[in-house]
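Visitor: Here is my input; please provide its structure:
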Amino acid sequence: MRLPIQFRIWRRSIPIAWDQTRILQPTKIALSVAISALNILWQGHGILRSSPSATRFILVVVAAYVITTIAEFLWLLSTGPRFTGFESPTADQESRKGESADPLAAELRDEALEFAKEMKDFEAGSDREFVNSLAAAQPGNAATESERDEVLDKQSAELVEHNLRTWRVYREKFYRPAQAFRDELRKRLGIRNVNSEPRIPALDHAELEGAKPIAQAAAYLAGLARRLK
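Guide: The predicted model follows:
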């Protein structure tokens, strides 16, 4: 299931990034010429230093231009539109008609519900791990007040570290896919006024606020998914 979905994501993302890549761009040309000129002026140390100056200049210009073009394409690919792999070319028309005839809708619904469950399980497991780590050192087990204060300080430090660790994993593993699922679900449900939707910091800005921020985001995604017909 994962490989075909990833293939569909790349199939949508790569053409968009390529269309946005400017082949004949004055800035890239000027940069390539400047690099090649510096290579010529760097006597005895430049690339292809044993070749004639004209050959060095042309080859370095071409190489620099190809490298900058590839870098631009990869940058556009990584920062371009986020897809879930379930987008349909007729999704906009279907949402305007108020109906969903796309057979991928059911697959999107199941994937979104599964992803929401993974988010909840991650937060629950992270909290459980933190609670277990605190159980090993309770302030009541300390003999003196200074020892109890030391235990409390240690627990506070562990809490900060736990929150930071949870945020990092959420940011790297769940944040972007959750946004992509949310946007595609809203699109298929015909939700155009996003201001009418609830503000969820974990989905909007990857901010983990409140008691169960990830579970809140997961519940919202699951609610959108269940509305798909």
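Visitor: can you tell me which residue is nearest the centre of this protein?
Guide: Geometric centre of the chain, nearest residue: Arg176, 3.4 Å, by CA atoms, centre = their mean.
Visitor: helices or strands up against the helix or strand it falls within?
Guide: Here Arg176, judged by DSSP states H and E, is contained in helix 176-189. Counting contacts by 3 or more CB pairs under 8 Å, 6 or more residues apart in numbering; DSSP states H and E, helix 176-189 packs against helix 91-97, helix 104-135, helix 201-204, helix 213-226. Bear in mind the C-beta positions are built from the backbone N, C-alpha and C, glycine included.
Visitor: Give the residue spans of the chain that score low on pLDDT.
Guide: Scanning the chain for pLDDT under 70 picks out 1-12, 17, 43-50, 79-103, 135-143, 147.
Visitor: Tell me how it divides into domains.
Guide: 2-79, 105-226 (automatic domain parsing).
Visitor: Show the contacting residues for Val61.
Guide: Neighbour list for Val61: Ser32, Val33, Ile35, Ser36 [criterion: CB atoms under 8 Å, 6 or more residues apart in numbering].
Visitor: tally of neighbours for the third one?
Guide: Neighbouring residues of Ile35 were enumerated by other CB atoms under 10 Å; the total is 17.
Visitor: Ok, the last one next?
Guide: Neighbours of Ser36 under the rule other CB under 10 Å: 22.
Visitor: Ok, the first one next?
Guide: Applying the criterion other CB under 10 Å, we find 20 residues in the vicinity of Ser32.
Visitor: Where does it fall, secondary structure wise?
Guide: Going by DSSP H and E, Ser32 is part of helix 26-41.
Visitor: Tell me the buried residues in that helix?
Guide: Lys28, Ser32, Ile35, Ser36, Asn39 (16 or more other CB atoms under 10 Å).
Visitor: I'd like to know how far the fourth one sits from Val61.
Guide: Which is Ser36. 4 Å (CB to CB, to the nearest Å).
Visitor: re the thing from before, how far does the helix holding Arg176 sit from its chain's centre?
Guide: 13 Å (CA atoms, centre = their mean, to the nearest Å).
Visitor: What of stretch 108-124?
Guide: Distance of stretch 108-124 from its chain centroid, counting by CA atoms, centre = their mean, is 16 Å.
Visitor: And the contacts of it?
Guide: With CB under 8 Å, 6+ apart as the test, stretch 108-124 has contacts from 5, 84, 86, 166, 169-170, 173-174, 177-178, 181, 184-185, 188, 212-215, 217-219, 221-222, 224-226, 228.
Visitor: Try it again at 6 Å.
Guide: Phe86, Phe174, Phe181, Ile214, Ala215, Ala218, Leu221, Ala222, Ala225, Leu228 (CB atoms under 6 Å, 6 or more residues apart in numbering).
Visitor: same question, stretch 27-35
Guide: Val61, Ala64, Tyr65, Thr68.
Visitor: mind running it again at 7 Å?
Guide: Here stretch 27-35 makes contact (CB atoms under 7 Å, 6 or more residues apart in numbering) with Val60, Val61, Ala64, Tyr65, Thr68, Thr69.
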